[in-house]
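Engineer: Return atomic coordinates for the entry below.
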Amino acid sequence: WPAVLDAAGRAAGVTVLAAAETAAPAEVREVAAQTGEVLDVLRWFGRPPGLYHLDDVLVEYQLTRPGAARDRLAAALEPLDAHPELVETLETYLALDTNRRRAAARLHVHPNTVDYRLRRVRDLTGIDPLHPTGLARLTAATAARRATHP
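Structural biologist: From the prediction side, this is the model:
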């Protein structure tokens, strides 16, 4: 399938981001709806072109399902609403597997600026992005926020 998607993308002059699952005839409607939701998650998280399945984004998918927990997770980042540079820094830091130097390069800032901004995230939210527990919570909060603010 990757070769087929690549060939289709080249023929159309675009990159292809796709989600797919197999389903029994009686499950097609439900699985098709779920696959559309998986595609939303892929877009929200900026996944590169390719073919994905639900198993590739299980955590992100679950965290973006409606409910009280998702809403509370998303609310954890509300203190950052007035600071878009902090949101951008946090999202870049998470997207680049917590590599502050790569995040700094992507953001075109000094690595010390990334460190400062991550400390500001901690100060404003009470969640430390440099601590494993805080990192997991911020990752979850970012997923929830993307689902509530697409």
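
Engineer: Assumed residue 18 was part of a strand.
Structural biologist: Yes: the secondary structure assignment for residue 18 places it in a strand, going by DSSP: H, G, I helix; E, B strand; the rest coil.

Engineer: hang on, residue 16 packs against residue 4?
Structural biologist: No: checked against CB atoms under 8 Å, the pair residue 16 and residue 4 is beyond contact range at 9.2 Å. All C-beta atoms are positioned from the backbone trio N, CA, C, and that covers glycine.

Engineer: I'd like the average pLDDT over the helix or strand hosting residue 104.
Structural biologist: Secondary structure here is read from DSSP states H and E; on that basis residue 104 sits in helix 100-107. Here the mean pLDDT over helix 100-107 is 96, rounded to a whole number.

Engineer: okay, and for this structure, where does confidence drop off?
Structural biologist: When residues are selected by pLDDT under 70, those of the chain lie in 150.

Engineer: and the nearest residue in space to residue 122 that is not next to it in sequence, how many neighbours?
Structural biologist: The spatially closest residue to residue 122, leaving aside those adjacent along the chain, is residue 128, at 4.6 Å (CB to CB, 6 or more residues apart in numbering). A count of nearby residues for residue 128, using other CB atoms under 10 Å, gives 17.
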